[in-house]
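S.K.: could you look at this predicted model? Sequence included:
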Protein chains: 2
Amino acid sequence: MSAKRNDFNHRPTIYDVAERAGTSYATVSRYLNGRSGVAASTAKRIEQAIKDVDYTPSAAARSLAQQRTHLIALIIHARSEDIITDPNIMQIIASANARVTREGWQMVTLMSENDGESRANIERLVSGGFADGYLLYTMEEDDPLLPLFERRSMHAVISGTGYRQQPPFVSVDVDNTAAMSELIRYVLTGETHSAGDGADDADTTGTTTAGDATAALRRTRPAYICGPLNMPGAPERLAAFRAVTGELLPDSADSLPVHYAADWKTTSAAAAVRAWAEDGTLATRDAIICANDTLALGAIEELHRLGYDVPGDVAVSGFDNSSAATSITPRLTTVDQHMERRGWVMAGLVIDQIRDTDKNGDGNGDRNASADDAGNPDDAGDAPSKTVMLATDLVIRESA
Amino acid sequence: MSAKRNDFNHRPTIYDVAERAGTSYATVSRYLNGRSGVAASTAKRIEQAIKDVDYTPSAAARSLAQQRTHLIALIIHARSEDIITDPNIMQIIASANARVTREGWQMVTLMSENDGESRANIERLVSGGFADGYLLYTMEEDDPLLPLFERRSMHAVISGTGYRQQPPFVSVDVDNTAAMSELIRYVLTGETHSAGDGADDADTTGTTTAGDATAALRRTRPAYICGPLNMPGAPERLAAFRAVTGELLPDSADSLPVHYAADWKTTSAAAAVRAWAEDGTLATRDAIICANDTLALGAIEELHRLGYDVPGDVAVSGFDNSSAATSITPRLTTVDQHMERRGWVMAGLVIDQIRDTDKNGDGNGDRNASADDAGNPDDAGDAPSKTVMLATDLVIRESA
DNA sequence: ATGAAAGCGCTAACAG
DNA sequence: CTGTTAGCGCTTTCAT
């Protein structure tokens, strides 16, 4: 019954190996999975037989039998256009992939545009048990995958902006508000006191009053170029601008020019600057805070075109510390949010979840993972830390 | 025997649906696969039952049973660093994904760094029948996946530079030599006669002699910044520089400065320019041809830093027509290789292969596909066109 | 240490 | 039109 598949040219199966090794396929299976109980001599023969017939186990059969795919899927859920222009996505993919590989799993990336069909495909895939764990980087409002993940109680870690109300999943993010606040504060005051991590600002004793601060300001007439509000971080960064200017420039804060860009493209920022130049706003500005590096790039280019000096006439700041930040003159003052860590940490978190569940045999082990990568190495962390905040760094260069 | 799985909380199977619909699971299967022979009334009940139990077929079981995964895998095989900095990869991924989706398949992307382990993982996956077809974008010399694909006679379409000798696979590429030649010719002569597509230059009758041409040249002292020679297009583009200067500048061609950059980063180009400035070379140049836009960007930035005017003092050209090409001042004269088409075409080709094989039931249908997307709509093309050349466009702007 | 046998969840003839 | 019966290729008890 063993060599039933005598087809001419077919993919070799475990039966073929068994037959050639002169043993039963059960033993071959044991050997393949590194189980104990395979005589050294038999192992040798099996090993040779595998080479002889050029055998590789079928992924599908294996998945079906052991209810495990050994796959971690990274799902990018956004408009195709945003995916292409987002300079961070590749970093997330690459770093997640590195971590997943290191932990002994295989990562695959799924791209889902936000059209109904594409979304439905992904949903079927997920429901069909395509992977053992999911990393979701989303920009879809109220991402429909979230309820799905929950219903099927799947292992998932999310990041992006597709979740309004805090979902029952571990998420990874940076504190955009704190980071942008620190940056703006620096642009306006020239000071870089990273006092307190925002965690406990209750004990910030000798706070300088707004009045005192204003006196010392380097820049007092900032404008803000905001990114698309449905994209990661954009709303938080805008809020930071509002908050810091409200504190430091209480009189003018409400009337500060803010441009709402429809995308993260340089051209959008350039258009904003041009518009401000035409309506006279630009002449009254001494700083332009941009929601990210690309916008800053466009702003600087346009300022140059219009004959302005940066930062002489007007300071410009970015956000991301992308490669472009150092390729322009003047080099960009910005915030490094270490995107190369994002995927790495996310991957670590899902894998932890999966391993935990495996260990606590019970199928309902809570999905909270220890954030051992997030800077605070509380390894045995049983705290229900639902969202892991990654550290950012203020990067001071010439543009502001 | 039907409702054997009375576990508390388990993924519903086709049995659960059948039981609830009061029919056999075979009928449910028929319904699911749109086979004929399901009474309308039964269909209704099944449909309802599926909703009731929230059923989705298991991907693994389905794959195993019908020996088809309905997956097309795009494999990116390169060093992690190159992947992150390659501005084209996302476009390939996105466009391939769009096409695959449109054709009714699911695309997944696999990233394989060139370390042994990562490579081995991919090889096991492929051998294990992970996907029905593969798109390989590779920068690995003599990519080890190629022999694998051949041994297992898998459907694959490749692109990149990981294949030295023409492999037995359909490949997609652009004619780097022709495109770069046209660009350089334009930079030097100002002429844009795209005479003949390089296909038949035999009948180019009134060819201007080298002597005549030199007299009309706008630029006569070009330098070249070359990309890493193991990367897609780099060698061909360099060859184009050699060829065109050899023809147009026969006297000086051999002594033209060429810098071999180790990567595609702006900083590398900037360093090259700086070095040329220091050793006096730069003062003698009136044009810098760069192997891609990023390098051109770095060159221009550095030229500006050094007080040179572009294109006044020295013309600079790029290659790719990336988004950066229009964000810098002066905007880049470059070549558009329409990367957004690359993935689209590749995907179309594998899917054609798969469908063809399905049709000609014989398992050895030749893998040649018709290049119906490549511009020449020879749909019924049975020609063994192993490599599909995509069209490029010279994009003339201000920098050269 | 190893073989036999029973699934994993679904598809695909083959009979009714 | 629908149920029965074999598999798909591998894992996993349970005996031996």
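M.R.: That came through, no problem. The model shown is predicted, which means the values in this text are computed figures rather than measured ones. Residues are numbered from 1 along each chain as shown, chains lettered A, B, ... in the order given.
S.K.: and whichever strand or helix holds A:Ile72, what does it pack against?
M.R.: Assessed by DSSP states H and E, A:Ile72 sits inside strand A:71-77. Identification of packing neighbours for strand A:71-77 by 3 or more CB pairs under 8 Å, 6 or more residues apart in numbering or on different chains; DSSP states H and E yields helix A:89-102, strand A:106-112, helix A:116-127, strand A:133-138, helix A:339-359. For glycine as for every other residue, the C-beta is placed from the backbone atoms N, C-alpha and C.
S.K.: can you give me the angle the third one makes with strand A:106-112?
M.R.: What it means is helix A:116-127. Between helix A:116-127 and strand A:106-112, the angle comes out at 150 degrees (axes from the mean of the first three to the mean of the last three CA atoms, to 10 degrees).
S.K.: A:Ser181 reaches A:Arg242, doesn't it?
M.R.: No: using CB atoms under 8 Å, A:Ser181 makes no contact with A:Arg242, being 10.2 Å away.
S.K.: of the helices and strands packed on strand A:71-77, which is nearest DNA strand D?
M.R.: Evaluated over the helices and strands packed on strand A:71-77, closeness to DNA strand D peaks at helix A:339-359, with 11.2 Å, by CB to the nearest atom of the strand.
S.K.: which elements pack onto the closest one?
M.R.: Under the contact criterion of 3+ CB pairs under 8 Å, 6+ apart, helix A:339-359 touches strand A:71-77, helix A:89-102, strand A:133-138, strand A:156-160, strand A:170-174, strand A:387-390.
S.K.: for the shortest one, what is the average pLDDT?
M.R.: What that stands for is strand A:387-390. The average pLDDT within strand A:387-390 is 92.
S.K.: grab the nearest non-local neighbour of A:Thr56.
M.R.: Spatial nearest neighbour of A:Thr56, chain neighbours left out: B:Ser127 (3.5 Å); criterion: CB to CB, 6 or more residues apart in numbering or on different chains.
S.K.: could you check how far the one you found is from B:Ile158?
M.R.: 17 Å (CB to CB, to the nearest Å).
S.K.: try A:Glu301
M.R.: 38 Å.
S.K.: so which of these two has more stuff around it?
M.R.: Per other CB atoms under 10 Å in any protein chain shown, whichever of A:Glu301 and B:Ile158 has more neighbours is B:Ile158, with 27 against 22.
S.K.: wait, what's in contact with the residue nearest to A:Thr56?
M.R.: A:Thr56, B:Leu148, B:Arg152 (CB atoms under 8 Å, 6 or more residues apart in numbering or on different chains).
S.K.: any chance of the helices and strands packed on helix A:339-359 in CSV with distance to A:Gly233 as columns?
M.R.: Shown next, in CSV, are these (distance: least, CB to CB, whole Å):
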stretch, distance to A:Gly233
strand A:71-77, 16
helix A:89-102, 14
strand A:133-138, 13
strand A:156-160, 10
strand A:170-174, 8
strand A:387-390, 12
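S.K.: for A:Val350, find the nearest of those.
M.R.: Closest approach to A:Val350 among these (CB to CB): strand A:133-138, 3.9 Å.
S.K.: tell me which helix or strand comes right after that closest one.
M.R.: helix A:145-151.
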